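A.B. asks: any chance you can model this:
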Amino acid sequence: MTRSTGNLDRRWWTLIAVCGATFMLLVDITIVQVALPTIQRRLHAGFTDLQWVIDAYSLSLATLILTWGSTSDRFGRKRVFVAGLTVFTVASLLCALSTSPAFLIWARALQGVGGAAMFATSLALIGQEFRGVELGKAIAAWSATVGGAVALGPLIGGVLTDGLGWRWIFFVNVPIGVAAGWLSLSRMRNIGDPAAKRSDVAGLLTFSASMFLLVFALIRGNAEGWTSTMILSMLGAAAFTMALFVTIERGQVQPMFDLSLFAKPGFTGVCFATFAIGAGMFAMFPYLTLYLQNDLGFSPLQGGLRLLPATLPAFVVPLAIRRIGDRLPAGAVLGSGLAVTAAGLAAMRALSATSAWTVLVPGLLLCGLGIGIANPAIAKIALGVVDPRRSGMASGISNTFRIGGLAAGVAALGAVFERRITTSLGATLGHSAHLLGPAVASGGVRAAQAAAPGRAGTAVAARVAFASGLDLILVIGAVAVVLGALAGFALVRARDFWRAEPAAAEAVTARAAGSLAEVPGLG
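C.D. replies: Presented below is the predicted three-dimensional model:
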């Protein structure tokens with residue numbers, strides 16, 4: 001069907017607004033990671049505080065994406081998107097004005113509330129405006145935006161932190177948010193699902209509680225003791241509330257988390273793969289940043305530049321391989337991308353206490369290539385296997401696994417990282433290592449020397465411990481991503497894709513690995 005020029009203008013303006021907002025909310029993951037060491041020094045934050053600066057944001061995203069996705073189906077995707085954009089912009093201003101770690105953490109959590117609404121509706125807004133070949137083009141543009149956020153986040157963060165101060169990584173969101181809000185209000189259509197009748201409050205509360213308890217237990221495990229009553233109770237409560245959530249969703253007429261989708265192996269596979277790349281790869285970036293700045297002594301800008309071998313290909317590769325990827329099975333594209341990413345994580349294990357940063361380059365390049373291959377498959381598969389009328393819910397579930405993987409990965413890898421550092425320091429420095437471990441994890445060699453001034457061998461021991469900790473979490477990350485690759489290869493099948501019109505089944509089948517397989521993962 002031929003559309004009018006006005007409709008074409010509206011659709012592409014919608015895409016511009018969605019891409020602008022998506023870039024902003026994803027950049028706020030990578031841009032903040034580069035500024036972590038500076039924030040640690042300026043606000044006198046500890047290692048746990050730094051974990052929460054990342055996880056307060058990602059946890060809010062993970063726990064609310066599902067709710068915002070189903071809410072958008074009920075009230076309309078434009079309304080939810082604009083509401084989220086407003087909250088995110090205001091929260092960014094609060095982050096910039098933070099005077100303590102606690103203030104920043106709570107403002108980051110509020111950012112996540114708004115970001116979840118934008119993330120949950122972004123793909124659905126694109127899906128409601130585009131069809132066929134144009135949908136593939138629009139999704140490719142969104143994929144490039146996500147890749148661009150991954151690629152430019154560390155660089156932008158370094159420039160702003162070095163040039164204007166860490167607060168400007170948040171101030172810069174305000175004009176972008178205002179511009180995207182104006183476009184959204186003036187150009188977007190508000191479309192929802194007429195069958196959606198009510199919000200799933202019980203599901204929201206139980207899912208949010210389970211995610212929070214799990215992440216909190218992972219972050220506090222080292223400090224409280226993994227066999228302590230507090231940590232065991234929280235892990236048990238997390239499992240109980242998740243089981244309760246599943247029970248509630250199975251009894252809902254309009255659940256926010258449609259468990260029946262997991263009857264399709266393709267949906268199960270893409271969700272597992274998305275969680276794996278979030279937990280195994282993207283959760284690694286904060287610790288690579290700490291290594292470059294705190295252990296090797298680079299500035300935020302210098303550290304951001306040294307991450308470009310991983311982040312730049314994530315932007316370039318989806319555009320370069322789009323036509324090739326269209327001809328291949330979606331599961332093969334997804335699995336191959338994750339396999340290359342896992343190889344990159346394994347290659348970075350070559351670092352030691354005396355390594356130069358260049359030892360990371362081969363692994364960073366492989367990771368960037370793998371992310372660029374996998375990204376165009378993830379959300380396209382997630383959208384392709386569901387009824388388009390439930391695209392808000394499907395987008396929400398996919399992104400929940402993506403951001404949930406990041407939140408759980410930062411917490412879990414951080415716990416292993418800090419414990420390995422403390423163990424290594426104990427082997428060389430003795431009983432005081434338990435005091436130095438958190439300091440070295442968050443502040444590197446300089447923090448170790450400040451915590452134990454004049455003590456011989458502290459700097460060398462700190463370097464060895466830091467390298468040992470990073471080596472171990474690289475192994476864990478690689479294993480997690482390999483498992484995601486296996487899920488992609490084994491579970492994603494062409495026959496799971498949605499066929500809206502029986503007469504077009506043959507055409508859809510021919511494009512199943514192409515125009516339905518082209519949306520990114522996490523930036």
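
A.B. asks: Ser233: neighbour count?
C.D. replies: Under the neighbour criterion other C-beta atoms under 10 Å, Ser233 is assigned a count of 12. Placement of C-beta: from N, CA and C, glycine included.

A.B. asks: ignore the last one, Leu183
C.D. replies: 18.

A.B. asks: pull up the gap between it and Cys271, please.
C.D. replies: Leu183 sits at a distance of 31 Å from Cys271 (criterion: C-beta to C-beta, to the nearest Å).

A.B. asks: swap in Val479?
C.D. replies: From Val479 to Cys271 the distance is 18 Å (C-beta to C-beta).

A.B. asks: so for the two, which sits in the more crowded spot?
C.D. replies: Cys271 (25 against 14).

A.B. asks: state the distance from the nearest residue to Ser100 once chain neighbours are set aside to Arg220.
C.D. replies: Excluding the flanking residues, the one nearest Ser100 by C-beta to C-beta, 6 or more residues apart in numbering is Leu43, at 6.2 Å. Using C-beta to C-beta, Leu43 is found at 20 Å from Arg220.

A.B. asks: on that earlier part again, ok, now which ones touch the residue nearest to Ser100?
C.D. replies: 49, 98-101, 104 (C-beta atoms under 8 Å, 6 or more residues apart in numbering).

A.B. asks: domain ranges for the protein, per the record?
C.D. replies: According to automatic domain parsing, the chain comprises the domains 5-200+264-511, 201-248.

A.B. asks: quick one, which of those domains is packed in tightest?
C.D. replies: domain 5-200+264-511 (a mean of 22; mean count of other C-beta atoms under 10 Å).

A.B. asks: and it, what's its mean pLDDT?
C.D. replies: Averaging pLDDT along domain 5-200+264-511 yields 78.

A.B. asks: quick revisit: and the two most separated of the contacts of Leu43?
C.D. replies: Pairwise distances across these peak at 13.6 Å for Asp49 and Thr99 (criterion: C-beta to C-beta).

A.B. asks: what sits against Ser208?
C.D. replies: Counted by C-beta under 8 Å, 6+ apart, Ser208 has contacts 63-64.

A.B. asks: please repeat the previous calculation with a cut-off of 6 Å.
C.D. replies: Counting by C-beta atoms under 6 Å, 6 or more residues apart in numbering, Ser208 touches Thr63.

A.B. asks: ditto for Pro37
C.D. replies: Counted by C-beta under 6 Å, 6+ apart, Pro37 has contacts 293-294.

A.B. asks: again with Val317
C.D. replies: Gly372.

A.B. asks: again with Ala202
C.D. replies: When contacts are taken as C-beta under 6 Å, 6+ apart, Ala202 is in contact with Ile248.

A.B. asks: and the closest residue to Gly269 other than its chain neighbours, how close does it get to Ala124?
C.D. replies: Nearest residue to Gly269 in three dimensions, chain neighbours excluded: Leu491, at 2.8 Å (C-beta to C-beta, 6+ apart). For Leu491, the distance to Ala124 equals 24 Å [C-beta to C-beta].

A.B. asks: what about Leu66, which SS state?
C.D. replies: Following DSSP: H, G, I helix; E, B strand; the rest coil, we place Leu66 in the helix state.

A.B. asks: test my guess that it contacts Pro255.
C.D. replies: No: taking contacts as C-beta atoms under 6 Å, Leu66 lies outside contact range of Pro255: 9.2 Å.

A.B. asks: what helix or strand is the nearest residue to Ile321 once chain neighbours are set aside on?
C.D. replies: Nearest residue to Ile321, sequence neighbours excluded (C-beta to C-beta, 6+ apart): Ile373, at 6.7 Å. Per DSSP states H and E: Ile373 is located in helix 361-384.

A.B. asks: could you list every helix and strand that that helix packs against?
C.D. replies: helix 265-280, helix 308-320, helix 330-347, helix 391-429 (3 or more C-beta pairs under 6 Å, 6 or more residues apart in numbering; DSSP states H and E).

A.B. asks: in TSV, list those along with distance to Val27.
C.D. replies: Conversion of the helices and strands packed on helix 361-384 to TSV gives the following (distance: least, C-beta to C-beta, whole Å):
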stretch	distance to Val27
helix 265-280	16
helix 308-320	11
helix 330-347	21
helix 391-429	14
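
A.B. asks: out of these, the one nearest Gly84 is which?
C.D. replies: helix 391-429 (12.1 Å).

A.B. asks: quick one: distance of that closest one to the chain centre.
C.D. replies: 11 Å (C-alpha atoms, centre = their mean, to the nearest Å).

A.B. asks: for stretch 204-215, same thing?
C.D. replies: Centre-to-centre, stretch 204-215 and its host chain are 18 Å apart (C-alpha atoms, centre = their mean).

A.B. asks: try stretch 215-222
C.D. replies: That offset, for stretch 215-222, works out to 19 Å (C-alpha atoms, centre = their mean).

A.B. asks: what lies in contact with it?
C.D. replies: 51, 55, 59, 231, 234-235, 407, 411-412, 415, 418-419.

A.B. asks: in what helix or strand does the residue nearest to Met118 when sequence neighbours are not counted lie?
C.D. replies: In this structure, Met118 finds its nearest non-sequential neighbour in Gly84, 4.4 Å apart by C-beta to C-beta, 6+ apart. Assigned by DSSP H and E, Gly84 falls within helix 77-96.

A.B. asks: next helix or strand past that helix?
C.D. replies: helix 101-129.

A.B. asks: now do the contacts for Ala346.
C.D. replies: Counting by C-beta under 6 Å, 6+ apart, Ala346 has contacts Ala478.

A.B. asks: if you could redo that for Val464, that was the one I meant.
C.D. replies: Counted by C-beta under 6 Å, 6+ apart, Val464 has contacts Ala353.

A.B. asks: tell me how far the helix or strand Leu290 falls within is from the chain's mean position?
C.D. replies: Assigned by DSSP H and E, Leu290 belongs to helix 285-290. Centroid separation for helix 285-290 versus its chain: 14 Å, with C-alpha atoms, centre = their mean.

A.B. asks: likewise for stretch 45-57?
C.D. replies: In terms of C-alpha atoms, centre = their mean, the centre of stretch 45-57 is found 15 Å from the chain centre.

A.B. asks: distance of Ile373 relative to Ile381?
C.D. replies: According to C-beta to C-beta, Ile373 and Ile381 sit 13 Å apart.

A.B. asks: the closest residue to Val246 other than its chain neighbours and Thr268: what is the separation?
C.D. replies: Of all residues beyond its chain neighbours, the one nearest Val246 is Leu259 (6.9 Å), with distances taken as C-beta to C-beta, 6+ apart. As judged by C-beta to C-beta, Leu259 and Thr268 stand 11 Å apart.

A.B. asks: ok, Ser70 next?
C.D. replies: 20 Å.

A.B. asks: what of Val481?
C.D. replies: Distance, Val481 to Thr268, using C-beta to C-beta: 17 Å.

A.B. asks: how close does the residue nearest to Met118 sit to Ile277?
C.D. replies: 24 Å.

A.B. asks: and Leu25, by the same measure?
C.D. replies: 18 Å.

A.B. asks: would you agree Phe170 is in contact with Ser98?
C.D. replies: No: with contact defined as C-beta under 6 Å, Phe170 does not reach Ser98; the gap is 8.4 Å.

A.B. asks: how many residues are close by Leu259?
C.D. replies: Neighbour number of Leu259 under other C-beta under 10 Å is 12.

A.B. asks: please identify the helix or strand for the closest residue to Gly304 other than its chain neighbours.
C.D. replies: With C-beta to C-beta, 6+ apart as the criterion, Gly304 has its nearest non-adjacent residue at 3.2 Å, and that residue is Gly158. For Gly158, the host element (DSSP H and E) is helix 132-163.

A.B. asks: chain center to that helix: distance?
C.D. replies: Remark: helix 132-163 is offset 13 Å from the chain centroid, using C-alpha atoms, centre = their mean.

A.B. asks: that helix versus helix 361-384: what angle between them?
C.D. replies: Between helix 132-163 and helix 361-384, the angle comes out at 140 degrees (axes from the mean of the first three to the mean of the last three C-alpha atoms, to 10 degrees).
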